[in-house]
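A.B. asks: how would this look folded up:
(one chain, ligands or ions: 2)
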Amino acid sequence: MIKVGVLGAKGKMGAQTCLAVEEADDCELVARLDQADELEELTKAGAQVVVDFTRPEVVMDNLEWCIEQGIHAVVGTTGFDESRLSTLRTWLEASPSTGVLIAPNFSIGAVLMMQFAAKAARYYESVEIIELHHPDKVDAPSGTARRTAELIAAARAEAGSGPIPDATTTSLDGARGADVEGIRVHGVRLRGLIAHQEVLFGDTGETLTIRHDSMARVSFMAGVLLGVRRISGTPGLTVGLEHFMDLD
Ligand SMILES: NC(=O)C1=CN([C@@H]2O[C@H](COP(=O)(O)OP(=O)(O)OC[C@H]3O[C@@H](n4cnc5c(N)ncnc54)[C@H](O)[C@@H]3O)[C@@H](O)[C@H]2O)C=CC1
Ligand SMILES: O=C(O)C1=N[C@H](C(=O)O)C[C@H](O)C1
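C.D. replies: Ligands and ions are numbered 1, 2, ... in the order given. Next up is the predicted model:
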């Protein structure tokens, strides 16, 4: 049995994760912690793996503590830029048998959408991303949209693609979205939505749209459990669930 602790257990994703862990035959939920709780509860309960769905401003402190204790971490919380990833690598060097998975999106379909977008990137002159989420989401653009833009930008750079055409010189602030590594990213916040994304590619005479929809938070749970099962055998830092999906 894998002994699992959940951080952010009272939140939308944390509560769903507690249910999924309780229902998994090979996992035992030993700790459910939220804002006012002490991290020491994790060691007292013997947690081997922690799942973190908290907030960008607290996740690094949680991870520093978990890595120091040698507790593996499966992280869905957003807010990871290159500087944070580099800090995690440094902490992990001092705890070489500990594994941390940072997954911008745990939904299998969303991971495939990102992979398909990275594959398509080299063939199109234009690309823009639209992410659409519930209005309680605190960050924009979404971690998924950022990651998608990074993957597309890397594929375009490798292919030697030029800049994306855009003759717009006059616009209201924000009208053309955010610029993530040269890719325009637009955010929609709408009651009724959960998590959705479109990647629009265009070239002369044709467009390609890749769209993914998470209609319920249960869509993330197969990925969370995959991470929980694989992380203890994967020391160091892993970014993206695709590395656990045997895609090749
Ligand atoms: N990677 C993925 O597949 C997904 C990632 N997310 C991300 O996960 C994060 C959480 O999302 P939601 O559950 O929707 O948010 P939420 O606001 O419903 O839940 C966050 C929870 O964390 C708790 N919390 C805050 N500080 C804490 C601390 N220091 N220790 C323990 N708990 C603490 C809050 O009290 C709250 O219960 C966000 O960054 C979101 O973008 C959300 C959905 C899927
Ligand atoms: O806050 C959310 O809800 C989600 N957050 C993640 C993100 O920012 O990409 C994953 C998914 O989009 C849901």
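
A.B. asks: number of nearby residues for L247?
C.D. replies: Neighbours of L247 under the rule other CB atoms under 10 Å: 9. Yep, even glycine has a C-beta here, placed from its N, CA and C like the rest.

A.B. asks: quick one, phi/psi of it?
C.D. replies: Per-residue torsions, L247: phi -80, psi -20 (degrees, to the nearest 10).

A.B. asks: helix, strand or coil for the residue nearest to it when sequence neighbours are not counted?
C.D. replies: Nearest residue to L247, sequence neighbours excluded (CB to CB, 6 or more residues apart in numbering): Q115, at 6.5 Å. Using DSSP: H, G, I helix; E, B strand; the rest coil as the criterion, the local structure at Q115 reads helix.

A.B. asks: from the centroid of the chain, which residue is nearest?
C.D. replies: Closest residue to the average C-alpha location of the chain: P104 at 0.8 Å, with CA atoms, centre = their mean.

A.B. asks: thought that residue was touching A149?
C.D. replies: No. Using CB atoms under 8 Å, P104 is not in contact with A149, being 10.9 Å away.

A.B. asks: quick one: contacts for the residue nearest to L247?
C.D. replies: Residues counted as contacts of Q115 (CB atoms under 8 Å, 6 or more residues apart in numbering) are L151, E242, L247.

A.B. asks: please save the CA atoms from the host helix or strand of the first one in PDB.
C.D. replies: Taking DSSP states H and E as the definition, L151 sits inside helix 143-159. Below are the C-alpha coordinates for helix 143-159, written out as PDB (Å, rounded to 0.1, in the frame of the first residue of the first chain):
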ATOM      1  CA  GLY A 143      -0.400  26.400 -16.000                       C
ATOM      2  CA  THR A 144      -1.600  24.300 -18.900                       C
ATOM      3  CA  ALA A 145      -1.600  27.200 -21.400                       C
ATOM      4  CA  ARG A 146       1.800  28.300 -20.200                       C
ATOM      5  CA  ARG A 147       3.200  24.800 -20.700                       C
ATOM      6  CA  THR A 148       1.500  24.400 -24.100                       C
ATOM      7  CA  ALA A 149       3.100  27.700 -25.200                       C
ATOM      8  CA  GLU A 150       6.500  26.600 -24.000                       C
ATOM      9  CA  LEU A 151       6.300  23.300 -25.900                       C
ATOM     10  CA  ILE A 152       5.100  25.000 -29.000                       C
ATOM     11  CA  ALA A 153       7.800  27.700 -28.800                       C
ATOM     12  CA  ALA A 154      10.500  25.000 -28.400                       C
ATOM     13  CA  ALA A 155       9.200  23.100 -31.400                       C
ATOM     14  CA  ARG A 156       9.100  26.200 -33.500                       C
ATOM     15  CA  ALA A 157      12.600  27.200 -32.400                       C
ATOM     16  CA  GLU A 158      13.900  23.700 -33.300                       C
ATOM     17  CA  ALA A 159      12.200  23.900 -36.700                       C
END
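
A.B. asks: no further queries at this time; thank you.
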